[in-house]
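Trainee: Structural data only, the sequence is not supplied:
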């Protein structure tokens, strides 16, 4: 009888495992079909492209399996690529059956001010084709309002708000906390503007940091005011005065209309009448709507004629190893990108390469590794850099050697400097907790790493590390001087870790031209002497099965909760938490460029 029950149990267990595995692979097959984007979209006459500004707008669309699984349950996972938005607007412009764009603002976070300006430029091109744009929002956050103000007509909920407030930051400083804990941060650096470690070693901003940030924020604000002024026919002076006089988010809604910031207050159901009128539809007619997903799957009318120009996306922090599992954000792994560039150098089908850089830097060693690969690539074919929202510090190092550098008007660049960061726990472990250390070594500096982290007296180790940082900065200057055809002394004058708005960077010769990714591609074609050409995006996106297999490397539940709580401070917290696991030399931007 025992054997009978054992056999029955084994059979049931086997069947359960079989159905579980079968169901699992059936489920991921469905996900695979969703992520393949193979469904074709047909456009009916008199259609409208509905562009919802929601979630995070990042540089390049990512084939995120989490988003695809979310679609099965009707959930929007909240990430969309700038490249997809721009391509969709271009398709809508060129499709005769699409008559207009309806922008619906929500809780969108943009990768940078440059992202907003680039979408606005695409929408300007759309309008110049003779088509219309209508915008509506329950509320307008600053970035969304800046973008949506390009519309022919703007509407808002009668209980909504426009949160124009200027550009700035309120930063947290942890030096006082570390003093109480007995933790010391050793931060050797070169460049008086290299401010990345300031939150950990100071209790306020240095004068130099305040100066450079103010210049950047004022430049972004001036660009925003200029764009809104031109679109809404309100003077820059009036806009600035309104923001200075009161908290605009708390204004009486009718005052927004009087100030010409919007055209009319309407409820969401009433906006349909506005769109129907634009389409010459009757009251009972339905509006044919195309979502961003529809537009992505709509075949482009552009044909891939001529030679190939590779557009390589270098997005995220620059690291020695893949750190994306820690922050949930994209990263540029030095060895991986270098290998990719070597492949492009050897690919005879690729006649020129455009590197789209959107990075605040990171590991100095990985950055130089990528720069070296760029130099080898440049020896075989033209290389043009297109800077996105930020190409600073290590992000600038990898750009410096290109044949030509383009940047968006509000690109943040420069930050040519190096910093080292080490946490020392002696005050916490020994003075407060009573933990002591003893060692045995064969040589004087056998335990130099441990001494930096735990020893009370590590003056010599600090001196050696500062010398290492100094030499790395000198190397950074040499790289920029060679790439930009300048003397090292000239580079040092505009370096020292200082950040620059692109319009200022142009004046001091850190970039060559203000322009978009499209402009950079045209320049690459010109350098390669190509009459006909098409572009191909690199590196290839991870397949859904690869992402599924890597899910175990992703962040924990606690990490996700901390990200929700800390918001923009999460990345800095993760960096500090893992500082002793990273390369000690960092060429890194001091703050985030994200904008709501």
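Mentor: Done, it's in. It should be emphasised that the depicted structure is a prediction, and the values quoted were computed from it without experimental measurement.

Trainee: Quick check: pLDDT value at the residue nearest the centre of the chain.
Mentor: Closest residue to the average C-alpha location of the chain: residue 111 at 4.4 Å, with CA atoms, centre = their mean. Here the pLDDT value assigned to residue 111 is 91.

Trainee: Am I right that it is in contact with residue 359?
Mentor: No: the pair residue 111 / residue 359 is not scored as a contact, 11.3 Å apart, by CB atoms under 8 Å. Quick note: C-beta positions are derived from backbone N, CA and C, even for glycine.

Trainee: one step back: please report the distance of the residue nearest to the centre of the chain from residue 148.
Mentor: Applying CB to CB, to the nearest Å, the value for residue 111 to residue 148 is 17 Å.

Trainee: Count the neighbours of residue 299 for me.
Mentor: Around residue 299 there are 9 other residues, counting by other CB atoms under 10 Å.

Trainee: Is it correct that residue 538 is in contact with residue 314?
Mentor: No: using CB under 8 Å, residue 538 is not in contact with residue 314; the gap is 9.9 Å.

Trainee: More neighbours: these two, which one.
Mentor: Using other CB under 10 Å, the more surrounded residue of residue 538 and residue 314 is residue 314, with 27 against 20.

Trainee: quick one: what helix or strand has the more buried one in it?
Mentor: Per DSSP states H and E: residue 314 is located in strand 307-315.

Trainee: on contacts alone, who are the packing partners of that strand?
Mentor: helix 334-346, strand 350-359, helix 517-527, strand 533-538 (3 or more CB pairs under 8 Å, 6 or more residues apart in numbering; DSSP states H and E).

Trainee: got the ones you listed as CSV, with mean pLDDT and distance to residue 180 columns?
Mentor: Output for the helices and strands packed on strand 307-315, formatted as CSV (pLDDT from 0 to 100; distance: least, CB to CB, whole Å):
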stretch, mean pLDDT, distance to residue 180
helix 334-346, 96, 37
strand 350-359, 97, 35
helix 517-527, 97, 48
strand 533-538, 95, 49
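
Trainee: just those: most buried one?
Mentor: Among the helices and strands packed on strand 307-315, strand 350-359 has the highest mean neighbour count (mean count of other CB atoms under 10 Å), at a mean of 26.

Trainee: tilt between it and strand 533-538?
Mentor: Strand 350-359 runs at 50 degrees relative to strand 533-538, counting by axes from the mean of the first three to the mean of the last three CA atoms, to 10 degrees.

Trainee: Show me what strand 350-359 is packed against.
Mentor: strand 307-315, helix 334-346, strand 383-392, helix 394-397, helix 517-527, strand 533-538.

Trainee: CSV for those, including distance to residue 276?
Mentor: Shown next, in CSV, are the helices and strands packed on strand 350-359 (distance: least, CB to CB, whole Å):
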stretch, distance to residue 276
strand 307-315, 40
helix 334-346, 49
strand 383-392, 37
helix 394-397, 47
helix 517-527, 34
strand 533-538, 38
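
Trainee: What's the local residue count around residue 194?
Mentor: Neighbours of residue 194 under the rule other CB under 10 Å: 30.

Trainee: Let me see the contact set for it.
Mentor: Counting by CB atoms under 8 Å, 6 or more residues apart in numbering, residue 194 touches 415, 417-419, 496-497, 590.

Trainee: now do residue 109
Mentor: For residue 109, the contact set (CB under 8 Å, 6+ apart) comprises 55-57, 143, 594-596.

Trainee: Just the ones of these in strands?
Mentor: 55-57 (DSSP state E).

Trainee: just the strands in the stretch 101-250 of the chain please.
Mentor: In the stretch 101-250 of the chain, the segments counted as strands under DSSP state E, counting those that start in this stretch are 132-137, 153-156, 184-186, 189-190.

Trainee: Can you say which of these is nearest to residue 88?
Mentor: Closest approach to residue 88 among those (CB to CB): strand 132-137, 13.5 Å.

Trainee: before we move on, the earlier item: out of the helices and strands packed on strand 307-315, nearest to residue 159?
Mentor: Across the helices and strands packed on strand 307-315, closest to residue 159 is strand 350-359 (CB to CB), at 36.6 Å.

Trainee: Adjacent strands (with direction) for the closest one?
Mentor: According to DSSP bridges, strand 350-359 has the following sheet partners: strand 307-315 (parallel), strand 383-392 (parallel).

Trainee: Heading C-terminal from that strand, find the next helix or strand.
Mentor: Next element after strand 350-359 (DSSP H and E): strand 361-363.

Trainee: how far is that following strand from where the chain is centred?
Mentor: Chain-centre distance of strand 361-363: 14 Å, with CA atoms, centre = their mean, to the nearest Å.

Trainee: Which residues does the helix or strand just after that strand contact?
Mentor: Next in sequence after strand 361-363, counting helices and strands by DSSP H and E, comes helix 364-378. Helix 364-378 is contacted from outside by 314, 318-320, 332-335, 337-339, 341-342, 344-345, 353, 355, 361, 383, 393-395, 397-398, 400-403, 418, 472, 475-476, 479, 583, 585-587, using CB under 8 Å, 6+ apart.

Trainee: I figured residue 355 was touching residue 314, is that so?
Mentor: Yes: using CB under 8 Å, residue 355 makes contact with residue 314 at a distance of 5.7 Å.
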